[in-house]
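**Student:** I'd like to go over a predicted model; first the sequence, then the structure.
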Amino acid sequence: MADFAGDALALVDHLGWHRFSLLGISFGGMVAQEIAIRAGDRVRRLVLACTSSGGAGGASAPLHETLALAPALRAERLIELLDTRTREDPALRAELSALFASLTADPPDARLALAMDRQLEARRRHDTWARLGAIRVPTLVVAGRYDDLAPVENSRALAGAIAGARLEIFDGGHPFLLQDPAAWRVVGDFLLAEQ
């Protein structure tokens, strides 16, 4: 995860951005935690969306295990992780199945498979829990009420471990930013607010 954070910081250096606001969604939220811990003086405002700290704060579902399943079972399990309501709502299940079909397919080439393996390994080992106290920037933690991939309890733990962090929970699962129209307004207002 430190490598992903280092790559992101190298990009913002290349762009000439000394200070920036940071929005991390899912795996990106894990990387954003590393960035805020490592270079918090550069982060103006931080949003952590549908993500987890790992460690005692709770880990996201073991996606590496889900993606190792046979394609049909993988698709079924992934859709349930994305939004727990799909267990009782066939229309939502079909909608999310179509939206996330690419996540259930095998990677088309060896390079992409290697990149996915490295990302899954970083995700599996992710643990910022003991270091979250180092984050000292205004932080908004946002989550979907029906997310089983990054459960809302993990977002509660994140918000509780970061001084002054605010938690907002929206109607939706892991893709709540697409499901609840209020979510982007809250995130945008937070990112545009003055210190």
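**Tutor:** Looks like it arrived, so ask away.
**Student:** all helices of this protein, in order?
**Tutor:** For the chain, the helices defined by DSSP state H cover 2-15, 27-39, 63-67, 71-82, 90-99, 101-104, 110-125, 152-161, 176-179, 181-192.
**Student:** For the longest one, give me every contacting residue.
**Tutor:** It refers to helix 110-125. Outside helix 110-125, the residues that touch it by C-beta atoms under 8 Å, 6 or more residues apart in numbering are 1, 3-4, 27, 30, 54, 60, 62-64, 67, 106-107. From N, CA and C alone the C-beta is placed, and that goes for glycine too.
**Student:** just for the chain, where's the confidence low?
**Tutor:** 102-108, 195 (pLDDT under 70).
**Student:** Which residue would you name as the spatial centre of it?
**Tutor:** Centroid-nearest residue in the chain, with C-alpha atoms, centre = their mean: residue 26, separated by 1.3 Å.
**Student:** who touches that residue in this structure?
**Tutor:** Contact analysis of residue 26 by C-beta under 8 Å, 6+ apart lists 49, 50, 51, 60, 149, 150, 174.
**Student:** distance of it from residue 164?
**Tutor:** Counting by C-beta to C-beta, to the nearest Å, the gap from residue 26 to residue 164 is 23 Å.
**Student:** Also residue 33?
**Tutor:** Distance of residue 33 to residue 164, computed by C-beta to C-beta: 16 Å.
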